[in-house]
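here's my sequence, what's the structure:
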Amino acid sequence: MEFDFLFRRFAVSPLPVPGSWYALPLRLIVGFGFVQHGHAKLSRGADDFIAILHAIGMPFAEFFGWATIVVEIVGGVLILAGAFIPLAAAPMIVVLLVAIFTVHLPNGFSSIKLMSYDAAGAHFGQPGYETDLLYIAGLLALCIGGAGPLSVDGHLKARH
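Below you'll find the predicted structure:
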């Protein structure tokens, strides 16, 4: 009897926590991921990223290179804070769609392609668009369901 109760309580969603708490782990991973990607572009040198954009034929590569870095860092911080989620998500989704159509689409869906394994470790092929779609899904979920607790948006909404 007790097993049945525990099974129904913890094996079937939603878990016995307020529904809005879904947003917290989603905000943490999506926001952190974007900040990390933007920081990586800066730490390797923005000129390297801009050169890649030139190489793939992106018009206005310098402008779009810097815009991407700003969107990733500022957008990531806004998502982490749960602040202005729909406003932050829009340019982030644009960046992801551009990445899908200019870089990842020819590589197929899977973001992990184990090519071989040897004494040096695992060797992977070019990533597909799977991760980009997961980020888009996370951003859309936050736009639809809200930023949840411990968020600027939640605080602003509670004040009105």
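
where along the chain do the strands fall?
114-118, 121-124 (DSSP state E).

of those strands, which approaches Gly146 most closely?
strand 121-124 (35.9 Å; Cβ to Cβ). Quick note: C-beta positions are derived from backbone N, CA and C, even for glycine.

contacts for the closest one?
Residues outside strand 121-124 that contact it (Cβ atoms under 8 Å, 6 or more residues apart in numbering): Ile112, Lys113, Leu114, Met115, Ser116, Tyr117.

what's the closest of the residues you listed to Val17?
The nearest one, if we look at the contacts of strand 121-124 relative to Val17 and count by Cβ to Cβ, is Ile112, at 30.6 Å.

over to that closest one: give its phi and psi.
Dihedral pair for Ile112: phi -120, psi 120, per degrees, to the nearest 10.

so it is in contact with Gln126, correct?
No - in this structure, Ile112 is not within contact of Gln126 by Cβ atoms under 8 Å, at 10.8 Å.

what number of residues lie near the residue nearest to Thr102 when sequence neighbours are not counted?
With sequence-adjacent residues excluded and distances taken as Cβ to Cβ, 6 or more residues apart in numbering, Thr102 is closest to Ile56, at 5.7 Å. Residues contacting Ile56 under the criterion other Cβ atoms under 10 Å number 9.
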